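Student: build me a model from this:
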Amino acid sequence: MIKRVMIIADQGRPIYFHNFEGQSHDSDMQAISALVSAVSSFGPMLSGTEVSEIQLGGLNFLMQARGAIIFALAIDEPGNEEYEKKLHRIADLFSEIYAGVLQYLNEDTDLSVFDNFTEILRTSGLVP
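Tutor: Next up is the predicted model:
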């Protein structure tokens, strides 16, 4: 199951996050912190065509870089090709839908523009 979807801009700034388990905000922030820490360490190894997998604090993360944006899924079972395909599709959708915003993304960008992405993911059948 996909537990969380995270999209992180350069410098580790989360631009989209959703927890599909409905757990507390504290666990969300721990997941983001762990991922940002891992990305800063492993980020240069990420390629635009390959999916990298790491395990942090009992969660498995699949990550893929697209330019300055890193797409990540927290999943419950490692090594599942279905989740890799979903990560590619999520990255494609986000990149297509928000291309105009991403082109000018900076620290002043109002991130509420991405709020409807959760509904897009659900409608597309990519997440529960």
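Student: give the residue farthest from the middle of this protein.
Tutor: Ranked by distance from the centre of the chain (Cα atoms, centre = their mean), the top residue is D108, with 20.2 Å.
Student: in contact with that residue, which residues?
Tutor: Contacts for D108 were tallied using Cβ atoms under 8 Å, 6 or more residues apart in numbering; there are none. Yep, even glycine has a C-beta here, placed from its N, CA and C like the rest.
Student: so F71: helix, strand or coil?
Tutor: Counting by DSSP: H, G, I helix; E, B strand; the rest coil, the backbone at F71 sits in strand.
Student: where's it relative to D108, distance?
Tutor: Note on F71: its distance to D108, by Cβ to Cβ, to the nearest Å, is 22 Å.
Student: what is the end-to-end distance of stretch 56-71?
Tutor: Taking Cα to Cα, to the nearest Å, stretch 56-71 runs 16 Å from one end to the other.
Student: and it, how far out from the chain's middle?
Tutor: 6 Å (Cα atoms, centre = their mean, to the nearest Å).
Student: ok, back up a step: measure the residue farthest from the centre of the chain to R13 for me?
Tutor: 11 Å.
Student: what do you get for L121?
Tutor: In terms of Cβ to Cβ, L121 sits 20 Å off from R13.
Student: those two - which one has more neighbours?
Tutor: L121 (22 against 14; other Cβ atoms under 10 Å).
Student: dump the residue contacts of the closest residue to F117 other than its chain neighbours.
Tutor: Excluding its sequence neighbours, the residue lying closest to F117 (Cβ to Cβ, 6 or more residues apart in numbering) is Y16, at 5.7 Å. Counting by Cβ under 8 Å, 6+ apart, Y16 makes contact with 5-7, 94, 111, 114, 117.
Student: narrow the residues you listed to those that are buried.
Tutor: Taking 16 or more other Cβ atoms under 10 Å as the criterion, what is buried in the contacts of Y16 is 5-7, 94, 114, 117.
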